[in-house]
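In: got a structure for you, letters missing:
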């Protein structure tokens, strides 16, 4: 017997609205469909009406977890347009926060993976230890989630010697705990039984479906923007790109835990070699006409911002390609012929940030293939028509 | 006078009031231990140390709106929670704590009561399945099939594990089994593998992690209980709590030597031993992750059932050659 | 594979103090540079409108009350504020500051509005920043970054 199970737009496994429609046969998924657009906020359009400086805080709010990645990507692009270069100390601090953010994001993901697999103790312990890095971030920037540390031409706050020592001390705790979670995650039979062999994505598929970030690296694709196209000061920092060959959810977990170790090394390197000097330079408000593509390696994968300047103090166009969007195709392919029980794990394995990936929707006519523009008034009329139709029928069965 | 006594038995002790108080206390204990194992606080503010939290939850749910889905089988949907609570309450009467005259039998202690108790503990599973099926929600339906699939996995090992001490004691009466082991406490060690198997099976019966598959919230929302709300959900939750007390009481009787020592001491033993079993259940819940339903069946038949059979053979050999 | 590998860690924490804080009854300290709610020192505000212009959430509004007396009214709409502290960075005279309040919920968004009515201060701006009086009209305006600020 085949029937359809709606996962979302409201579902306990999803923290943000997205709709996955699963056609299942017993416990086995036969078909998967994905619907986006529940969380479209019009950020790209809004960015066109804000100055570059204001847009830093706007891009920060694209995502709540990798907020710094988006601002870094945006600021890098705008700095190229404005022709300013951040001073070295500023750059060190910027990428220090970026790596701390990667640590917090990966620890968060570990907890989420534990929760999706029903391993709530793991979730509680990883999130408890994540507070260490959250506290560091709060001390550096003054806030836990939206650090707002980037500005045009550098960073906004400096760290003092006491904080530097404190971060270096905290790294010891984090290293020990991460090693413990690595041992635990790889040894707890019920947890490994849930992760191993689930959601296989071969190397060829990962390349063909354009997977990015830890998802691709777990399939053996050693792709990391920090190494392949070094931005900022990453060219001089020694680190390894972590990969795994098991191609499953366990591999993605292993890659993330290994990356945590690499991030600790990078943080230590940055703090030990922190140069003196100013943290920011003055940046002009207007950019010369031009365009720029900026990339950075967010915790979830490659993040791309495209900025077009027209000579004013506002961008003419901002386009954001968040890493989650690149991973959707690979996820859908992996859901087929899996179990219902694996849906949250496979979906969570890409560390989805749904509102990151909600961009402009273009409606394309199925017959002619031409894009159509839907006006606000059209949408309202449609909604009114639909509401009117529904209210007349009683006991209406809502199609899934 | 005897009518008053019977009424007292049914409503106060060991009847409904005691059942309600002790099962909510056990839920509090489970939640508190689970939270402390995870370095959290657990219930804190309702009553002293949050002791009244499960009671508050119960009454809050009782006051909530009770929604019956239009397509559901209304009779079944309404009756099943009450029926389930009645079943586990009956099962609770069979525990050999409140036999004030152990030598004489009675309605709550007779030869074969271990079988009746096991049967009454199987009924909640069927009730969960029927409740899920009659609520006609896709998530409930998946949850209901998972309940039954799991049932085929853990039920046989549980029976085998619980029956081996009975075989050793040569009796089908809980009070006599307990008395046999009180006389020869060394023989309790023989049943250790059976105890492990039984604890794991009881965990599966109570649908707690790693076996909370029928209502795995990240997969199928509320699973079995998706459509239940208000009073019905409160009854189901109370039913699960009582089931936990009954099954831990059963394990304490057959594997931990029962509750000797008369009214007061026996009652204290009952509290301590059931809380010990519940602590083991909480520890198991905290230390594992949820497994898949196919893994439950293969685990139950691959490890639990063989272990229970080995235990049974060992008991038979022991009884035949040594005792 | 290790069966029950997590149990020692769990039991170790059984009698330890919980890591969580009993929040509404006990509160954690916020760090010293916490970005709470912005407020104004009216005695130093020279009405350069740098904060109003740079605020990404358009939460700051300055209106002229009386042109002759040079009286101005500044409104901070805390319902819109995103607590980025850009106004603090943009202010050439350190008239804006952040406090460390974070429990600022209210029943109505209008309760979150804060107003100051004051006479424009005549304070010499710092030499680093250009003349702020001309700010609204000037094409090149004060720097959003103040290196002196970020060193503290």
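Out: Structure received. Keep in mind that what you see is a predicted model, and the values were worked out from it rather than measured. Numbers count the residues shown, from 1 in each chain, chains lettered A, B, ... in the order given.

In: CA atoms for contacts and neighbours, from now on please.
Out: Noted.

In: Would you map the strands across chain A?
Out: Under the criterion DSSP state E, chain A contains strands at A:2-7, A:19-25, A:28-35, A:150-151, A:154-155, A:290-298, A:301-309, A:315-321, A:363-364, A:371-372.

In: Identify all contacting residues around the first one.
Out: Put plainly, it is strand A:2-7. Strand A:2-7 has contacts (C-alpha atoms under 8 Å, 6 or more residues apart in numbering or on different chains) with A:19-26, A:400, B:138-139.

In: Give the pairing partners of it; include direction for each.
Out: strand A:19-25 (antiparallel) (DSSP bridges).

In: all helices for the stretch 251-400 of chain A, in order.
Out: A:323-335, A:343-348, A:354-357, A:376-392 (DSSP state H, counting those that start in this stretch).

In: Nearest to chain C, out of those?
Out: Each of the helices of the stretch 251-400 of chain A was scored for nearness to chain C using C-alpha to the nearest C-alpha, and the closest is helix A:354-357 (18.1 Å).

In: Show me what that closest one is packed against.
Out: Helix A:354-357 sits against helix A:323-335, with contacts defined as 3 or more C-alpha pairs under 8 Å, 6 or more residues apart in numbering or on different chains; DSSP states H and E.

In: redo that, cut-off 10 Å
Out: Helices and strands touching helix A:354-357, by 3 or more C-alpha pairs under 10 Å, 6 or more residues apart in numbering or on different chains; DSSP states H and E, are strand A:315-321, helix A:323-335.

In: Now that helix: average pLDDT?
Out: On average, the pLDDT along helix A:354-357 is 80.

In: Likewise for stretch B:201-215?
Out: Average pLDDT, stretch B:201-215: 88.

In: Please see if it touches chain C.
Out: No: with C-alpha under 10 Å from any C-alpha of the partner chain as the criterion, chain C is not reached by stretch B:201-215; the gap is at least 12.4 Å.

In: how many other residues sit next to residue A:356?
Out: 26 (other C-alpha atoms under 10 Å in any protein chain shown).

In: Which among the helices and strands packed on helix A:354-357 is found nearest to residue A:304?
Out: Among these, the nearest to residue A:304 by C-alpha to C-alpha is strand A:315-321 (5.0 Å).

In: Could you tell me how far that closest one lies from the centre of the chain?
Out: 18 Å (C-alpha atoms, centre = their mean, to the nearest Å).

In: cool, stretch B:33-44 as well?
Out: Remark: stretch B:33-44 is offset 22 Å from the chain centroid, using C-alpha atoms, centre = their mean.

In: Now do the same contact list for the spatially most central residue of chain A.
Out: In chain A, the centroid-proximal residue (C-alpha atoms, centre = their mean) is residue A:300; its distance is 4.3 Å. Counting by C-alpha atoms under 10 Å, 6 or more residues apart in numbering or on different chains, residue A:300 makes contact with A:65-66, A:69, A:102, A:105-106, A:109, A:212-215, A:256, A:322-324, A:327, A:350-353.

In: rewinding a little: could you tell me which of the contacts of strand A:2-7 count as buried?
Out: With burial judged by 16 or more other C-alpha atoms under 10 Å in any protein chain shown, the buried subset of the contacts of strand A:2-7 is A:19-26, B:138-139.

In: any chance of those in TSV, plus pLDDT?
Out: Shown next, in TSV, are these (pLDDT from 0 to 100):
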residue	pLDDT
A:19	84
A:20	83
A:21	84
A:22	85
A:23	87
A:24	86
A:25	84
A:26	78
B:138	86
B:139	87
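
In: Can you list phi and psi of whatever residue of the stretch 101-250 of chain A ends up closest to chain B for me?
Out: Closest residue of the stretch 101-250 of chain A to chain B, C-alpha to the nearest C-alpha: residue A:119 (3.9 Å). Main-chain dihedrals, residue A:119, degrees, to the nearest 10: phi -100, psi 80.

In: any idea how far the nearest residue to it once chain neighbours are set aside is from residue A:369?
Out: Nearest non-adjacent residue to residue A:119, counting by C-alpha to C-alpha, 6 or more residues apart in numbering or on different chains: residue B:289, 3.9 Å away. Per C-alpha to C-alpha, to the nearest Å, residue B:289 is found 48 Å from residue A:369.

In: Counting neighbours, go ahead and name the busier of the two.
Out: Between residue B:289 and residue A:369, residue B:289 has the larger neighbour count (other C-alpha under 10 Å), namely 28 against 9.

In: That one contacts residue B:216, correct?
Out: No: Residue B:289 is beyond contact range of residue B:216, at 11.2 Å (criterion: C-alpha atoms under 10 Å).

In: residues shared between the contacts of these two?
Out: A:116-118, B:209-210.

In: Tell me how many other residues crowd the nearest residue to residue B:153 once chain neighbours are set aside.
Out: Leaving aside its chain neighbours, residue B:153 sits nearest to residue B:297 (4.6 Å; criterion: C-alpha to C-alpha, 6+ apart). As a burial measure, residue B:297 scores 18 neighbours (other C-alpha under 10 Å).

In: Check the gap between residue B:297 and chain C for me.
Out: Distance, residue B:297 to chain C, by C-alpha to the nearest C-alpha, to the nearest Å: 19 Å.

In: Look at that residue and tell me its secondary structure.
Out: helix (DSSP: H, G, I helix; E, B strand; the rest coil).

In: Quickly list what the residue nearest to the spatial centre of chain C is bridged to.
Out: For chain C, the residue nearest the mean C-alpha position is residue C:38 (3.3 Å; C-alpha atoms, centre = their mean). Assessed by DSSP bridges, residue C:38 has beta-bridge partners residue C:98.

In: picking up where we left off before, quickly, which of the helices and strands packed on helix A:354-357 bottoms out on average pLDDT?
Out: Of all those, the minimum mean pLDDT falls on helix A:323-335 (a mean of 84).
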